[in-house]
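> A predicted structure for the sequence below; I have some questions about it.
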Amino acid sequence: MNHDIDALFARWARPDSPGCMVAVSHGGSTVHARGYGMADLELGVPITPATIFHVASISKQITGFLVLLLAEEGRLRLDADIRTYVPEVPSFGARITLRHLLHHTSGLRDHFTLMKLAGVRPMDEKSESDIFALLARQKALNFRPGADFNYCNTGWVLLACAASRATGEPFRECVEKKVFRPLGMTSSSVRDNHTTLIAGRAAAYDDGPKYYVPNFDFTGSTGVQTTAADLLRWAENIIHPHAGRSEIVRQLTTPGKLKDGRSVRYGAGVEIGTYRGLEIVKHRGWDLGYSAYLAMYPEPRLAVAILGNISTLPTATLGARIADVALASHFPAPRPQPAGVPEHVLRAKTGLYRHVRTHRAFWIRLVDRELRFAAEPAAAGVPLRALDATTFQAATETATFMLDGKTLTMREDSGVDQRYRRARPWTPDARALAAFAGTYRSAELDERLTFTVDTGTLVGKRRRWRARSLSPAYADSFTDDIATYRFVRDRRGAVEAVVLALDRIFHLRYEREAARKRRGRRG
C-alpha cells in the first residue's frame, strides 16, 4: 500500500517543490505517514510528520463540535436567533438560528466573496471587525433561512463569536480547553492573529512557486493549525467516539434539513455521503496556499488526512485514490465503463443554460467529444465524464450533472439540486452595448463597477482589479470568470441597475449612478 500511495504523490516529492503530508489510519492504527516535498523552499526544510499546516475549512468541524458541546452544557441554544448572542448581525426581517449556520442554510452571503467584489486582494489582512462592518451593510439574504443550502463562511465566524461570548473566553482558548486537550491534540492550535509565530509551520505557496499566504484574524470558518497525526486523532474521535461524546458526534454527522423536509448532505461542519458504496464523512479545506482534506470511513474504520502547502493540490481526488488503494478489498468490483455516448447525443446537450432562481449563466460545450461546463463560452471549463446518455460526473468529483437537452440539474456534494433551463444566446450590436456603459454603485459594498465599450466588447472594471472583457449570455446579461451580470431596465426601457450572481452571492444589486441621481431629484 505504501508504495502505491508514494506513486500518487511522486510529482511533489522533490527538493524544489512544496507538497504535503499524508497520513492514513485503519482500525485506530496509523498505517501510512509520509511527507512529500518541502515545508519551506527558502530554508530547504522538508515536510515531516511534525510539520504543522493551516487546514482552512477543516476547522469547521472543530467549531461545530464545540458549538454542539456548548449546547449540551446549556450555554448555547441551537434554535436561538444568532442575534441573541451576536446582536450586531442585521435582522434581515428573518430569524437566523445557530442551526441554520451549522448547516449552511442561513441565506447569509459569504464574506470572502463580498470582500473580493469590494476590491480586497487575496493576501490583504482580513479581521473579524472587517467582516462585521461588511455584514452591517448588507440589506438582503441569498434566500430565506432554511429554504436552501449555500456554503457560507460568514456563518461560521458568527458561530465562533457566539461560542466565545457564551463562555467569556477567546475562541482559541475555548477550543484548546474543550477539544484539543481532551483529545490529546497536543500539536494543534487556533490562530486568530496572522502575526502569531507557530514553530514548525509550513510556508504556503502558489504555482511558480511563490508565497501565497492567508493573513486572517478571524476564526470559526478557518484558523486551525495542526499536524496529520493530530487530525487522525480527531478522525478516530469521529469514527469511534470517546466516552460521553457519542451524542455530540451523532449530531455532528447528522444531515441538516430544509423547511420543505429535504435533507442536505452536510452535518455540523462535515459532508456526509457515500463513496463506492461506503459511508464517508469528509471535508476539504483551501485558503490561498494551503490545501487540506480529511475523509473518514466509519465502517472499515479508515481515515485519510492530506495536509498541503500548495494551492493547486487536488486533495479530494488524491484522497479518493488513497481510499481505492487502502480499501480495495472492501469495495465492490468496479462497474464496467459505459459505452461511448454518440457525438450527436452529446452535441444536443450543448448550449447556454440559466439558473432558475439566481439567473447565473453557464455553458455546456463539446470539446474533442467531451462535454465541458464553463462560466464563459470560450473557457476551458470542467470536463464531464459520461456515466450514461443523460448523467455526467464532473472531473473534480464534486458534482453530478443530469442533462436532457432542455434542462440541466447539477447535484453537488450538498445533495441539493441546482436547476438550470436552456436559454437563448444573445449577440448585442454596438448600439445595444452602449446602453450598458456607465458607473454603477453597490451601497452594500460601497463599491463601484464601471462598464465601457471597447472594440465591440463590454468591459467591466472595479477598484484594484484588472479590467475584464465580458461575454454576452442571454438578453441583457453578460458573464466573466467571476459572475453573471444581469442588467435591469426601468419602465421606460432605460438601464437602471446591474444585478450580480455568483457562487455564494445571489442578486447583489448595483444602481446606475445617473439613474440614482435622477430618482433623488424626483424625490
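That came through fine.
> my read is that residue 34 contacts residue 6, right?
Yes: the criterion here is CB atoms under 8 Å, and residue 34 meets it with residue 6 at 7.0 Å. For every residue, glycine as well, the C-beta is placed using N, CA and C.
> run a quick neighbour tally on the nearest residue to residue 286 once chain neighbours are set aside.
Nearest non-adjacent residue to residue 286, counting by CB to CB, 6 or more residues apart in numbering: residue 56, 5.4 Å away. When counting by other CB atoms under 10 Å, one arrives at 23 neighbours for residue 56.
> ditto for residue 452
Residue 452, neighbours per other CB under 10 Å, totals 16.
> next secondary structure element downstream of the one helix or strand it maps to?
Per DSSP states H and E, residue 452 falls inside strand 447-454. Downstream of strand 447-454, the next assigned helix or strand under DSSP H and E is strand 457-462.
> which strands border the helix or strand following that next one, and is each parallel or antiparallel?
Where DSSP H and E defines the elements, the next helix or strand beyond strand 457-462 is strand 468-469. Using DSSP bridges, strand 468-469 pairs in its sheet with strand 457-462 (antiparallel).
> now the angle from the strand it pairs with to strand 447-454?
Going by axes from the mean of the first three to the mean of the last three CA atoms, to 10 degrees, strand 457-462 is angled at 160 degrees with respect to strand 447-454.
> show me where the chain dips below the pLDDT cut-off.
243, 334-338, 396-398, 515-523 (pLDDT under 70).
> quick check: which element contains the residue positioned nearest the centre of the chain?
With distances taken as CA atoms, centre = their mean, residue 151 lies nearest the centre of the chain, 6.1 Å away. Here residue 151 sits in a region with no helix or strand, counting by DSSP H and E.
> list the contacts of it.
104, 110, 414, 504 (CB atoms under 8 Å, 6 or more residues apart in numbering).
> from those, which two are the most distant?
Maximum pairwise distance in the contacts of residue 151, criterion CB to CB, is 14.3 Å, between 110 and 414.
> quick one on the thing from earlier: how far does the strand holding residue 452 sit from the chain's center?
From the chain centre to the centre of strand 447-454 is a distance of 28 Å (CA atoms, centre = their mean, to the nearest Å).
> then stretch 208-225?
With CA atoms, centre = their mean as the basis, stretch 208-225 stands 14 Å off its chain's centre.
> which residues of the stretch 151-300 of the chain fall in strands?
In the stretch 151-300 of the chain, strands defined by DSSP state E, counting those that start in this stretch lie at 189-190, 205-206, 210-211, 216-217, 224-226, 271-275, 278-287, 290-297, listed in chain order.
> the longest one pairs with which strands, parallel or anti?
Here strand 278-287 has these sheet partners by DSSP bridges: strand 271-275 (antiparallel), strand 290-297 (antiparallel).
> so which of the ones you listed is nearest residue 129?
strand 290-297 (23.4 Å).
> now the angle from the helix or strand that comes right after the closest one to strand 278-287?
Next in sequence after strand 290-297, counting helices and strands by DSSP H and E, comes strand 302-308. For strand 302-308 against strand 278-287, the angle by the same axes, to 10 degrees is 10 degrees.
> what does strand 302-308 contact?
Residues contacting strand 302-308 (CB under 8 Å, 6+ apart): 18-26, 51, 53, 55, 226-228, 231-232, 235-236, 239, 290-297, 313, 315, 318-319, 322-323, 326-327.
> tell me which residues in stretch 92-107 are buried?
92, 94, 96-107 (16 or more other CB atoms under 10 Å).
> do stretch 285-304 as well
285-298, 300-304.
> re the thing from before, want to throw the strands of the stretch 151-300 of the chain into CSV with distance to residue 156?
As requested, those are exported to CSV (distance: least, CB to CB, whole Å):
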stretch, distance to residue 156
strand 189-190, 13
strand 205-206, 24
strand 210-211, 26
strand 216-217, 12
strand 224-226, 12
strand 271-275, 14
strand 278-287, 12
strand 290-297, 16
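> so which residues of the stretch 151-300 of the chain form helices?
153-167, 171-175, 181-183, 228-239, 246-252 (DSSP state H, counting those that start in this stretch).
> what's the third one in contact with?
Contact partners of helix 181-183, identified using CB under 8 Å, 6+ apart, comprise 233, 234, 237, 242.
> next one: it to chain centre, how far?
Offset of helix 181-183 from its chain centre (CA atoms, centre = their mean): 28 Å.
> enumerate the positions of that helix that are buried.
residue 183.
> adjust the sequence numbering to begin at 683 for everything that follows.
Right, with 683 as the first residue, what we last looked at is helix 863-865.
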